[in-house]
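Enquirer: How does the following fold in three dimensions:
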Amino acid sequence: MLAAGAVLAPTVLTASTASASSDAVTTVTPVANPVTTPVATPTAATSATTKQTSWSKRHKVGLKAVAAARKQIGKPYRYGGSGPSSFDCSGLVQYVYRKAGVRLPRTADAQHQHIKRHVKFSDLATGDLVYFYGDGHTGIVSKVKGKKIYMIHAAHSGTRIKQVLLNSYYRAHFNGATRPY
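Expert: Model prediction:
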């Protein structure tokens, strides 16, 4: 009896040909005990597990970028700065993702356009990049705690890199988010 999902392998035949004249004779003999080969069929559980594993592996990249961003907190903002001693907003994002093994363009606009995986505000996760209207500002989501979402960013001249809550001001100026991992 076959197990559910098992598939019979084709019967293996051996052939020998004897020819003494133009009347060739071919003898075909089946091989005893054909082998069954089980075939894995993906199930909903398998697909969900694969998606979860894929998400977990990808999300680790985002977590590495956030860990690198945390190490930059307190460093000064400098327009055009791309580290390691000072940064502007997109320079910080580029730097921390490079530390996590992901190459990104230099400017916030180019980063926003380059990254194909766009995310709704309600679906933000640690490591996502957030963009804002106005001067093309960007930051990296550093923590999601219920409805409270935090980012690490280099704000503007005269400030230092810090972690801030995405308050009503940032939400009102929200221009999209991407997931570079």
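
Enquirer: hey, which strand is longest across this protein?
Expert: Assignment by DSSP state E gives strand 137-145 as the longest strand of the chain.

Enquirer: any chance you could map the strands in the chain?
Expert: Using DSSP E, strands in the chain cover 6-8, 13-18, 25-30, 36-38, 118-119, 129-132, 137-145, 148-153, 162-165, 174-178.

Enquirer: In this structure, where is pLDDT below threshold?
Expert: 1-53 (pLDDT under 70).

Enquirer: What spatial separation is found between the closest residue to Gly176 other than its chain neighbours and Tyr95?
Expert: Nearest residue to Gly176 in three dimensions, chain neighbours excluded: Tyr131, at 5.0 Å (Cβ to Cβ, 6 or more residues apart in numbering). For the C-beta atoms, the positions are set from N, CA and C on the backbone; glycine is no exception. According to Cβ to Cβ, to the nearest Å, Tyr131 stands 17 Å off from Tyr95.

Enquirer: Could I get the full set of helices for this structure?
Expert: Assignment of helices within the chain using DSSP state H yields the ranges 44-70, 89-99, 108-114, 168-172.
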